[in-house]
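Enquirer: structure for this input, please:
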Amino acid sequence: MSKANIDVERILAGKYPAKAHAKRVVEYIRSKIPDATGILYLEGRSDKLLEDSDEPVPFRQRRAFMYLTGVDEPDCFLIYDIATAHSTLFIPPVDPDSVIWSGLPLTAEEALAKYDVDTVLPSTELNPTLARLGSGPASTVFAIADRVSDEVTFLEFTNKDFTVLGEAIDECRVIKDEYEIALIKKANEISGVAHKAVLERVKNAKNEYELEGVFVGTSISQGAKKQAYPSIVASGRAAATLHYVHNNKDLAGKDLLLLDAGAEWNCYAADITRTFPISGKFTEASRAIYEIVLQMQNDCIAMLKEGVSWEEVHLLAHRIAIDGLLSLGILKGNREEILRARTSTAFLPHGLGHYLGLDTHDTGGHPNYSDPDPIFRYLRVRMNLPAGSVITVEPGIYFCEYIIRPYLKDPKHSQYIDEKVLDKYWDVGGVRIEDNLVITQNGSINLTDAIKDPDELEKIISSS
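Expert: Below is the predicted model:
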């Protein structure tokens, strides 16, 4: 693994490479339909009001549209002509009533200068343009099912394909280009500052929501107005809940805080988890679990390179977890027997990580949530990792009574668990450590610089 040496600001000074993405998508479509021609048609998300209110629904751009345009604005449309590689962006015309309240929208000239498209037209020209393009012989339109407005019919087109475009975009999104990696790195840089701000405040905070406010506020103060996902700010035993969302419990008397939080930058996500002692000092039990999880992450990251089986990396995490829990006496018996019995899923029930990009749980991983093998059921990536993909490595060990108690009642698993030793660890709650890695030909690049060394964590918290 190497640290990220990426000139983020230089890269992001250019345009989002929408046409390069469109070209890749067309190549994928032609791998399925060799003589494919016609147009790609995509709609961005429209502005809507909340029910029974004149306030807008918070806007979140459709990711497929963002991928082929770089446009994070509502009520826009795209036509990409496959034969000519010509892209036309349609933007809302000026509405005088709207200008009174919201100011002037982006002009066609501004949009053309800002985005990687060839032509910009008002959306009033959308249907006439579609009618013209569809009037040719054997014309084909590729669109995404349930992502076409009622006002758009494609009546003039001979062929309509609502299947392959969505699949093509999902698969192409797996491998990131330089610009996308810079966006994820930017989101990580902002999130790293916000994580440190929480470390500096945790010792004197009273409630989880104070720390959520610190993270979100620090992100916004750096220009990241959106979070990639709802923050998980879990203290004490709440950290055993993987997607804990309440963030409203008092911190008094709790040992650890698990903070899973990441900002979004221009629609691209960071996804970072850190776990640390609220008081500034790990207990003996929590430090022991933290060291195991840190080893799980370090050793799994060391395996990463182009072509590595993500399932094998995930199994390594379980093997290290088993060894660590055996050393503490929580588990007992033979390591391989414990792995075959899948008893370790009581303590690590989730997958090791997922692709990251326009979505926190990004596309193209092909998970199998009906897998009868519990060790792989929640693994979100079931393939060998290609160079250019970005994946999270987020091992954890959790002490969730709801999950573990049934294992204690099942002789298949209870023979491997020492309940008396386990009882000493319930208050640890859970430990998870998560970084974002770019896969390279011979290794990986870590985009995450948030502090995770346990001594450094203690030092920052104690000195705050």
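
Enquirer: max-length helix in this structure?
Expert: When the chain is scanned for its longest helix (criterion: DSSP state H), the result is helix 178-202.

Enquirer: quick check: next helix or strand after it?
Expert: Per DSSP states H and E, the first helix or strand lying C-terminal to helix 178-202 is helix 208-221.

Enquirer: helices or strands next to that following helix in the packing?
Expert: helix 178-202, strand 232-235, strand 256-261 (3 or more Cβ pairs under 8 Å, 6 or more residues apart in numbering; DSSP states H and E). Where C-beta positions appear, they are placed from N, C-alpha and C, glycine not excepted.

Enquirer: so what does the residue nearest to A111 when sequence neighbours are not counted look like in phi/psi?
Expert: Among residues not flanking A111 along the chain, V120 sits closest, at 4.5 Å (Cβ to Cβ, 6 or more residues apart in numbering). The phi and psi torsions at V120 (degrees, to the nearest 10) take the values phi -130, psi 130.

Enquirer: sorry, back to before: next one: the longest helix of the chain to chain centre, how far?
Expert: 14 Å (Cα atoms, centre = their mean, to the nearest Å).

Enquirer: how about it: buried residues?
Expert: 179-199, 201-202 (16 or more other Cβ atoms under 10 Å).

Enquirer: also stretch 71-85?
Expert: Buried, per 16+ other Cβ under 10 Å, within stretch 71-85: 71-74, 76-82.

Enquirer: once you drop chain neighbours, what's closest to S135?
Expert: S135 sits nearest to E156 (Cβ to Cβ, 6+ apart), 5.2 Å away.

Enquirer: with K196 instead?
Expert: That would be I451: by Cβ to Cβ, 6+ apart, it lies 6.4 Å from K196.

Enquirer: can you check V216 too?
Expert: Using Cβ to Cβ, 6+ apart and skipping residues adjacent in sequence, the residue nearest V216 is Q227, 6.4 Å away.

Enquirer: all strands for the stretch 1-150 of the chain, in order.
Expert: Secondary structure of the stretch 1-150 of the chain, counting by DSSP state E, counting those that start in this stretch: strands at 2-3, 39-43, 77-81, 86-91, 119-122, 140-142.

Enquirer: what's the closest of those to L49?
Expert: strand 39-43 (18.5 Å; Cβ to Cβ).

Enquirer: quickly run through the sheet partners of the closest one, with directions.
Expert: Here strand 39-43 is paired, per DSSP bridges, with strand 77-81 (antiparallel), strand 140-142 (parallel).

Enquirer: contacts for it?
Expert: 22, 25-26, 62, 64-65, 68-69, 76-82, 130, 133, 140-144, 147-149, 152, 154, 165 (Cβ atoms under 8 Å, 6 or more residues apart in numbering).

Enquirer: which ones among those residues are found in helices?
Expert: Per DSSP H, the contacts of strand 39-43 map to helices at 22, 25-26, 64-65, 68-69, 130, 133, 165.

Enquirer: out of the residues you listed, which one sits closest to E264?
Expert: The closest of the ones in helices among the contacts of strand 39-43, once distances to E264 are taken by Cβ to Cβ, is F65, at 16.1 Å.

Enquirer: the helix or strand containing V293 to strand 256-261, inter-axis angle?
Expert: Using DSSP H and E, V293 maps to helix 284-303. With axes from the mean of the first three to the mean of the last three Cα atoms, to 10 degrees applied, the angle from helix 284-303 to strand 256-261 works out at 30 degrees.

Enquirer: which helices and strands does the following helix or strand past helix 284-303 pack with?
Expert: Next in sequence after helix 284-303, counting helices and strands by DSSP H and E, comes helix 310-328. Judged by 3+ Cβ pairs under 8 Å, 6+ apart, helix 310-328 is in contact with helix 284-303, helix 335-341, strand 396-398.

Enquirer: of these, which approaches L447 most closely?
Expert: helix 284-303 (11.9 Å).

Enquirer: what residues of that closest one count as buried?
Expert: For helix 284-303, a neighbour-count test (16+ other Cβ under 10 Å) marks 285-290, 292-297, 300-301, 303 as buried.

Enquirer: nearest residue to the middle of this structure?
Expert: The structure's the chain has its C-alpha centroid closest to T360; by Cα atoms, centre = their mean the separation is 1.5 Å.
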